[in-house]
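Enquirer: Below are the sequence and a predicted model; questions follow.
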Protein chains: 2
Amino acid sequence: MDRLRESGLADELSFLLARTNALSLAAGNVALAAHGLRVRSYSVLALAVSGERPSQRELADFLRLDPSQVVALIDELQADGLVERQPDPRDRRANVVVATDAGVRLHRVAHHAARAAEERLYSVLDEETQDRLAAILREIAFSSRG
Amino acid sequence: MDRLRESGLADELSFLLARTNALSLAAGNVALAAHGLRVRSYSVLALAVSGERPSQRELADFLRLDPSQVVALIDELQADGLVERQPDPRDRRANVVVATDAGVRLHRVAHHAARAAEERLYSVLDEETQDRLAAILREIAFSSRG
DNA sequence: TATTGTTATACTCTATAACTATA
DNA sequence: TATAGTTATAGAGTATAACAATA
């Protein structure tokens, strides 16, 4: 398989990104399964825990999900007693998503599990390179083009 | 939405990778649609064009797809006359996937389209940073952990 | 008129297991 | 016994359109 790295595809950022993301996603899902979460539900939980009181619309934009997918994810987390929808007093159309105490507790352990999986994958890079990677990705991920 | 960047999630490499990849994938699929391809079929075509004569198994490993998915992708490309399966004389179980002349021609224009989409997305980074990003991703994507 | 959340639907992608023919 | 390709199936993820309530 290694000789395929000589192909032009291996030079394309999109491909490298896709392959790296596939590895990261698989590792994350394995690590989170023990806690009844997947990468997507974990991400929603993490934002609910953040204290920023995101609306469902904000969650959809931030996570690059369709609003209808957010409905399903929150339904699931809510059924498990991890988050709840609260009416936004400033806009009666909107719900704000906040974590319950159980959600906060689960996030804590799930975060450690996810972090450990991340570490294993990224440990081929030194700390400084990991930080540099994060900085570069942040630029693309939140540029106006997205 | 921007205030969610203060949440801890925005510091996690997995999340940044997922969001960046989602943008890249969406842009790639839009750019390739005009040529009847998607990112995955384009990737297979690119490797078929490379001259490396990959087996289906090698394609699966390299693209991080299940071998059964590769079957479907090649069926599709073959039906469109873009690639063909050739028996591997050294292993009668294996097929080797090569591009037809039409496949080579389509790859050429599709490659330019994909490249243009990439450029738009990554143009927030200077050339040197793009190269650095590619180098870092290559390390993770092909480390033994994967 | 436009936006938030919701429901519904179709399509794509991912993951698994089992089968065949070869090795 | 193990591997390459194939078939089948179910579950997760993606994309679109339409609707009620509200702005």
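Expert: In hand now; what should we look at? Numbering: from 1, shown residues only, chains lettered A, B, ... in the order given.

Enquirer: and the end-to-end length of stretch A:88-107?
Expert: From its first residue to its last, stretch A:88-107 covers 23 Å (Cα to Cα, to the nearest Å).

Enquirer: Strands of chain A, start to end?
Expert: Under the criterion DSSP state E, chain A contains strands at A:83-88, A:91-99.

Enquirer: chain center to the longest one: distance?
Expert: Computed by Cα atoms, centre = their mean, to the nearest Å, the separation of strand A:91-99 from the middle of its chain amounts to 20 Å.

Enquirer: where do the helices sit along chain A?
Expert: A:13-33, A:39-49, A:56-63, A:67-79, A:101-122, A:127-141 (DSSP state H).

Enquirer: Might you enumerate the residues of chain A proximal to DNA strand C?
Expert: Contacts of chain A with DNA strand C, taken as Cβ under 7 Å from any atom of the strand, map to A:22, A:25-26, A:29, A:55-57, A:60, A:66-68, A:71, A:74-75, A:85, A:88, A:91, A:93-96. C-betas here are computed from N, CA, C, even on glycine.

Enquirer: now those: which count as buried?
Expert: Taking 16 or more other Cβ atoms under 10 Å in any protein chain shown as the criterion, what is buried in the residues of chain A next to DNA strand C is A:22, A:25, A:29, A:55-56, A:60, A:74, A:95-96.

Enquirer: these two touch, right, A:Val30 and A:Glu118?
Expert: No - between A:Val30 and A:Glu118 there is no contact, the gap being 12.0 Å when judged by Cβ atoms under 8 Å.

Enquirer: These two: which is more packed in?
Expert: Between A:Val30 and A:Glu118, counted using other Cβ atoms under 10 Å in any protein chain shown, the more crowded position is A:Glu118 (20 against 11).

Enquirer: A:Gly103: what's it in contact with?
Expert: The contact partners of A:Gly103, by Cβ atoms under 8 Å, 6 or more residues apart in numbering or on different chains, come to A:45, A:48-49, A:77, A:81-83.

Enquirer: Pull out the buried residues from those.
Expert: Buried by 16+ other Cβ under 10 Å: A:45, A:48-49, A:77, A:82-83, out of the contacts of A:Gly103.

Enquirer: Now the two most distant members of these.
Expert: A:Val49 and A:Leu77 (11.0 Å; Cβ to Cβ).
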